[in-house]
Structures are given as C-alpha cells and as structure tokens.
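Peer 1: Sequence and predicted structure, then a few things I'm wondering about:
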Amino acid sequence: MAINYSEKSKKFHIFNDKISYIIQILDDNCLGNLYFGKHIHDKEDFSHLLQGGLRSLAVFHKENYYFMSPQYTKMEYPTYGTGDYRHPAVEIKQENGSRVVFFEYESYKIFKGKKKLMGLPATYVESEQEAETLEITLIDKLLEVHCILSYTIYKEYPVITRNARFINNGSENVILERALSASVDLPDADFELLTLSGAWSRERHIKTSKLQQGIQGVYSKCGASSAEHNPCVILKRPNTDESIGEAYGFSLVYSGNHMEQIEVDTNDLTRVLIGINPDTFEWPLNNGEEFQTPEAVMVYSDEGLNKMSQTFHKLYRTRLVRGIWRDKARPILINNWEATETNFTEEQILEIARTGKALGMELFVLDDGWFGKREDDKTSLGDWYVTNFKKLPDGINGLSQKIEALGMKFGLWFEPEMVNKDSDLYRAHPDWVLQAPGRSLSLSRNQYVLDFSRPEVVDHIYNMMERILDTAHISYVKWDMNRYISECYSNHKPASRQGMVFHEYILGVYSLYERLIEKFPDILFESCSSGGARFDPGMLYYAPQAWTSDDTDAVERLKIQYGTSYVYPLSSMGAHVSKVPNLQVGRTTPIETRGNVAQFGVFGYELNLNLLSEEEKTIVGKQVAFAKEHRELIHQGLFYRINSPFEEVGSWMVVSEDREKAIAAYYKLLSIPNEPWRRLYLKGLDKDKKYVINNDKSRVYYGDELMNAGMVIHKEDLCAGGGDFTSAVYFIKAVEKSFC
C-alpha cells in the first residue's frame, strides 16, 4: 500500500498489490485521470497514458495550450464552463449569475489512516496502518473557493474511498448547485451497466444494459435512497461473469437523494459520476463556511462479480458497521406483525413469546400498535408513549420484564420520522411537518413527514425515545419509515435555504441515530423503510442490519436477497419465515423452503407460532437449532452466487475463510415434466481438501470434485417431495484423513 507523488512528472499513484489509481497534474494546472484498474508497477512517469490532441470544435481554456481540450480529456474532478461539455462533478452559482468554475491544483497532503466525516457515515480504520489517505487541495482563484479531494486506499482491499469538501475563503457568497462525491473517467465504453433496481416488494433486482453514447444511470429524488434504485452502479466487461473478468463497483454511503450517472461521449470515453442528486439541491456557502460530500466507495475486481461482492461484504461488515453487534451473533427473533398487526392484547403477545422461547428463539419484537391510541394506521404516530393500558396493562416496561422473565430479550418498533394528524404531537406542532406554503399536503399511509432538518424536532423525538429506552428492558429497535418525502419545504428556513432541506433532513436522521447509539450502545438497531426502501451503506453505519423487503415470500426473497448480495453482506439482510399464503403474493411455499431462504440472512420469524401444526413446530425447532449452529459462518464467511433465481433454479453458498466449512443451498422454482438431471457446482472450497456432506462419512469428496464435477441433486434431497418451490441445504465440512 502506498501513495506516491512525483514532483518531476506531477503524478499521484495510489496503489496496493491489487489496484492502481493514477492522477496527473496537467499543464493547465487541472487534474487529469490516467488510470484506474488492476495494479501496475509504480514508476516516475505515466504521462504517455494521457490522451488528447487537436479536434474540431475543441475548446482550450488556456492561451497557448493547444494539446489538451477538457472536452476530450479524462478529467479527475470536472467543472462547468471552460470547455468540458460533459456533465461536471461540481457547479457553483456566483453572485453575478455566472456558473463558470476553474479549479486548479494548489497543494497535497499524504497521511496514514483515515479521517472521520463530520455528521456523515463513512468507512473507518481501527489502525493507521490499515490505510493511507491523499488529500489534494484545488482552488478557484477568482472565487477563493477551495475544494479538497480525499482518497483513501486500504491495505487489504481493492478499494478506494473518496469524498470532496468545499470551503469558501472568499468575500463573495456562492451557492453549490452540484457537489458530487466522485467522478471517474474510463478510457473506453466496452462495458455493461448493472444496477439494483425495482420497486416496493421487489427491491434490488438485477438490471443489465450495454453502455452506449449518452446518459444512463439511476437516481432517487424521494428523500430516501429508495426501493426503486439503490445507490450503486457496477460496470462490467461483456465477458465478465461471477468468476472471471473485470468489474468496477461504485457505492455511495448515503441515505438520501442520490445520483449514479454513466455518460459515454462521442469518443467512447466513459464518465462515472456519483453523489447527492443535484436536482433540488442548493447549498449556500458564505465566507468561512464548508460543505462535506458523502463518501463514495470504489471497488475493482479482475476476478469477476463475486470477488467484487466479497470485497464490499467484508469492507462494509467490518469497516462500516460499528459497535458490539458488528461481530456478535445476531439473536433469532419472532416479530408479531404478520400475526396480529396492530390489534393485540398483552396475553396474545405473551403466548407467541412463550411458544417462541420453547422453539429456541431468543428475541421477541413488538411491532406497530403499542403507543398512543394506535389501533390502525390513522392515529398516534409521533406519540411515543403508552396510553392504552387495556392493551398493555403495565406499559412497555412491564411487558419487557415479562418477556425477559421467559428467558427472551425484548425489542420494540418505532417510526420516529413520521406523524399522524390525529396525534398529540401534530396538534401541538402542526408547523413541524414538511409542507409547502399554500399547497395541500400529500398523504401516504395516513401519515406526514416531520421536518428533521430542524434540530428542535429531532430533540423532541429523541427525548421521547430516550425515555422509553431508558425505563424499559429493550435490547432491539426496529426503526421504520413508511413513506417518501413530498412537499419538501421547511417552515423554519428562508427561501434561500430551502435547497438544503433534503440533505439536512437526512443529517437529522443520522444525528438522532448517533445520539441514541451513544446513549444505548448495547441496543441492536434494525433499519426499515416499508421494507427495503432505505437499504443503503449509510444506514449500515448506524444499524448493522436492515429489513430487506416487506415481501417475505420465499421465491421472491430469492431474487431480492440475490440482488442485494452484489453489494451488501448477509449479516445486513433481515430475513424471516412468514405465514402462508404469503401476504404480498398469495403464494404457499413449504415451511422448509421459507427457512432455507431466510437462513441466508439475519434469521427470524414473522407469523403466529401458535397456529402452526405440531409437525411445523418440529421443523421450526430444527431451523432455529441450525441457525444457531451456523450463523457465524453464514454472516462472516465468503458468499458465492452460483445459479441465478431469475432463471430456472437458484443456488448459492457460504464458505469459511479457512475453507473448512461451507453451507450450500439449492432452490427449485417450478417443476417441469421429465425434468433433466441437475448438478450443483460448488465454489470456494480447497481443491486438495476432503469433504463430507451433511456429516455422511460414508462418502468423501475432494474439493476439486465438488467444484468441477459437481454434486448431483436428487429429488429426495429436496423438501416436500421435490415439487414446486422446494429446496435443500447442504452442510459441507472438511474431514481428517482418518475418515477417508
């Protein structure tokens, strides 16, 4: 790992033994990008990689400088107005109305370790020796505005993280209209774009398209990272698959409005832009004021998509997630939502908890319906205290003590960012809702969005949550957000600062999380947003797991969890066994398959256990025991995608880093007549080790046999007779020679 600067050639080379990233100070004192990809040896001069020359319509923004035109040059952090007609990374509106900006190189600093981002989530280091950081300071001399570009390279990962910070040191007030976290120009357009897109209940499906001239990409303008488009893009070569070929992953550590844009110009240069969505964004910078962009994470792989994913998984699991729950086994929970919704009694809750305890579960989570006069979704959001003592005679504290007396931990649901009109909070503070003057309020799920850009609103919600968490025995919090932002206008701000509200809102969410985590470091937080509408790296910094989707159907969850795995570790995916027919799609699947899908996530249950048959309860007990035995392997092992569930069958597996243990799963979607023989080709094993499957020591297999020849899938391996929606899970373990 090193960051080298050559004074003679004016190049920065950021590299470890896996990747290289090279920046050049050009003759006009701007920054150009020379290379991003597989590691190459460091040397004095890489200027031969600089592409350029005279072309028709080329604009040169410096007199007597006719070699490089910004329009045809790979720029490092492009600006608007001086000849580069592609989309820029930054736009600044000035007092005279001009948006022309010219950032040129001023200085640099290299240091060990990595700085925190104030008020924002980001990856971190535990030792300065883990990473090295380069800060390049640029200046617009006319405006006296500085831009500090930060690059961190980790020693052990093919990863570079980036962010930008702007400081107005001039006398003129300016407005940032675009302030992206990173821009990368690649030398050709021979890529396919892969995104994680969809909608509520079908989040993060794989979408692939070939790059062509023009603009492609994804975005969100709803105030959350969204169910429609996750804040990441992947560029892969056309021949790249899970195991071979080049892939570039770009992921934004942010939970609000975002943009990931790919632009291919007329010369087949590819520009990747990633950061806060500039639409509706305006950030005034007066003298002495600063603005910090979120962090962008860039991952390179020359060993296919799976290696890229494994890099994201380990980085996010160990250097983004924080606190005691980062490495700790997650409890197996039972949630009452699909069993009772908001209509329950304390005795009903305790009956479900007793059965859960008898089946080996460790945590009971009380979902929506416990606060105010809540009997449906029309009332009481914002009133985070118990007033209905017929429903909960001893309040939350009493119920939590009763759950703990059963030998289980207790968890609680909140939706702190929302309010119903029928609530004490709204009646006291109607101006605390985001609403545009003179406009009607749009309604979603009978609720409105609190103005979290206002500190007094965040303080009020914190005080109510803190009181509950401090007086009751609560080990887990499910933090929900069940609608997007509309009428994004703050009654607290002047017209000139309304463009700040979307960003300040998410900063308010982060600050509330941070305060609660600091006060209650032992609580396990799970983020939720109508399921997976805010499943992003920013949330993982505060809540180490997220409710992956409201769609709990096992077949649909295969697709959702498969797509999510391209960037996010299994330890981040809340995955539960739910009731059938499924609430979202009406499908009935075997309870074994529901368990075999949910095992590859943070495992739990979402049904009324007391309505199960005795046979089903026996199966549930075995599922819980299996999860307890193998959850560390599933959450911390290397994950391999094998067969896509978007096709005929799905399969995947997890392998321990020492290759001693693995768990593989095979999912049959629909039966077909006269079905062909199927084989499952395992991945990630040690080719020279000997393994047994499901502890059957009568048959021993070398790792290379299981990977290259595969294992035949027999119908009798599958649950429920091997029909539609059936599955099998295989435990693979290395054996001593004495067993062979």
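Peer 2: Noted; the coordinates are in hand.
Peer 1: Specify the local secondary structure of the closest residue to N608 other than its chain neighbours.
Peer 2: The spatially closest residue to N608, leaving aside those adjacent along the chain, is A339, at 3.6 Å (CB to CB, 6 or more residues apart in numbering). Any C-beta I mention is one placed from the backbone N, CA and C, and that applies to glycine too. Following DSSP: H, G, I helix; E, B strand; the rest coil, A339 is assigned to helix.
Peer 1: My guess is A339 contacts E351. True?
Peer 2: No: the criterion here is CB atoms under 8 Å, and A339 misses it with E351 at 9.9 Å.
Peer 1: Between the two, point out the one with more neighbours.
Peer 2: Using other CB atoms under 10 Å, the more surrounded residue of A339 and E351 is A339, with 22 against 15.
Peer 1: The residue nearest the centre of the chain: what's it in contact with?
Peer 2: Closest to where the C-alpha atoms of the chain average out (CA atoms, centre = their mean) is D536, at 2.6 Å. By CB atoms under 8 Å, 6 or more residues apart in numbering, the contact set of D536 is S225, N230, P231, L252, V253, Y254, S255.
Peer 1: In JSON lines, list the residues you listed along with pLDDT, neighbour count and distance to R497.
Peer 2: Shown next, in JSON lines, are these (pLDDT from 0 to 100; neighbours: other CB atoms under 10 Å; distance: CB to CB, whole Å):
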{"residue": "S225", "pLDDT": "98", "neighbour count": "27", "distance to R497": "23"}
{"residue": "N230", "pLDDT": "98", "neighbour count": "29", "distance to R497": "29"}
{"residue": "P231", "pLDDT": "98", "neighbour count": "31", "distance to R497": "25"}
{"residue": "L252", "pLDDT": "99", "neighbour count": "28", "distance to R497": "24"}
{"residue": "V253", "pLDDT": "99", "neighbour count": "25", "distance to R497": "25"}
{"residue": "Y254", "pLDDT": "98", "neighbour count": "29", "distance to R497": "20"}
{"residue": "S255", "pLDDT": "98", "neighbour count": "33", "distance to R497": "21"}
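Peer 1: Turn those into TSV, including secondary structure and distance to G723.
Peer 2: Below are the contacts of D536 laid out as TSV (DSSP: H, G, I helix; E, B strand; the rest coil; distance: CB to CB, whole Å):
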residue	secondary structure	distance to G723
S225	coil	38
N230	coil	34
P231	coil	39
L252	strand	42
V253	strand	43
Y254	coil	44
S255	coil	41
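Peer 1: Please parse the chain into its domains.
Peer 2: 2-319, 333-638, 649-739 (automatic domain parsing).
Peer 1: Redo these as TSV? Include distance to R326.
Peer 2: TSV is the format used below for the domains of the chain (distance: least, CB to CB, whole Å):
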stretch	distance to R326
domain 2-319	7
domain 333-638	6
domain 649-739	17
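Peer 1: Out of the ones you listed, which is closest to W325?
Peer 2: domain 333-638 (4.9 Å; CB to CB).
Peer 1: quick check: mean pLDDT across that closest one?
Peer 2: Across domain 333-638, the average pLDDT comes to 97.
Peer 1: chain center to it: distance?
Peer 2: 17 Å (CA atoms, centre = their mean, to the nearest Å).
Peer 1: Start and end of that domain, how far apart?
Peer 2: In domain 333-638, first residue to last residue: 24 Å (CA to CA, to the nearest Å).
Peer 1: try stretch 386-397
Peer 2: End residues of stretch 386-397 are separated by 10 Å (CA to CA).
Peer 1: Go through that stretch and flag the buried ones.
Peer 2: The neighbour-count check on stretch 386-397 (16 or more other CB atoms under 10 Å) flags V386, N388, K391, L392, G395, I396, N397 as buried.
Peer 1: Need the residues that contact the longest helix seen in the chain.
Peer 2: Taking DSSP state H as the criterion, the chain has its longest helix at helix 614-636. Helix 614-636 is contacted from outside by 317, 327, 329-330, 332, 355, 359-361, 569-571, 577, 591-592, 595, 599-600, 602-603, 605, 609, 612, 654, 656-657, 661-663, 729, 731, using CB under 8 Å, 6+ apart.
Peer 1: mind listing the helices in the stretch 251-400 of the chain by residue range?
Peer 2: With DSSP state H, counting those that start in this stretch as the criterion, the stretch 251-400 of the chain has helices at 304-319, 337-340, 346-358, 395-405.
Peer 1: now those in CSV, with distance to S565?
Peer 2: Shown next, in CSV, are those (distance: least, CB to CB, whole Å):
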stretch, distance to S565
helix 304-319, 6
helix 337-340, 24
helix 346-358, 28
helix 395-405, 33
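Peer 1: Do a quick rundown of the strands in the stretch 1-150 of the chain.
Peer 2: In the stretch 1-150 of the chain, the strands defined using DSSP state E, counting those that start in this stretch lie at 2-6, 11-15, 19-25, 31-38, 90-93, 104-112, 131-140, 145-154.
Peer 1: before we move on, the earlier item: leaving out the residues flanking it, which one is nearest to the residue nearest to the centre of the chain?
Peer 2: Closest to D536 by CB to CB, 6+ apart is S225, at 3.9 Å.
Peer 1: Can you give the strand pairings for the strand or helix carrying A546, parallel or anti for each?
Peer 2: In this structure, A546 sits in strand 545-547 according to DSSP states H and E. Applying DSSP bridges, strand 545-547 is found paired with strand 524-527 (parallel), strand 573-578 (parallel).
Peer 1: Lovely, talk soon.
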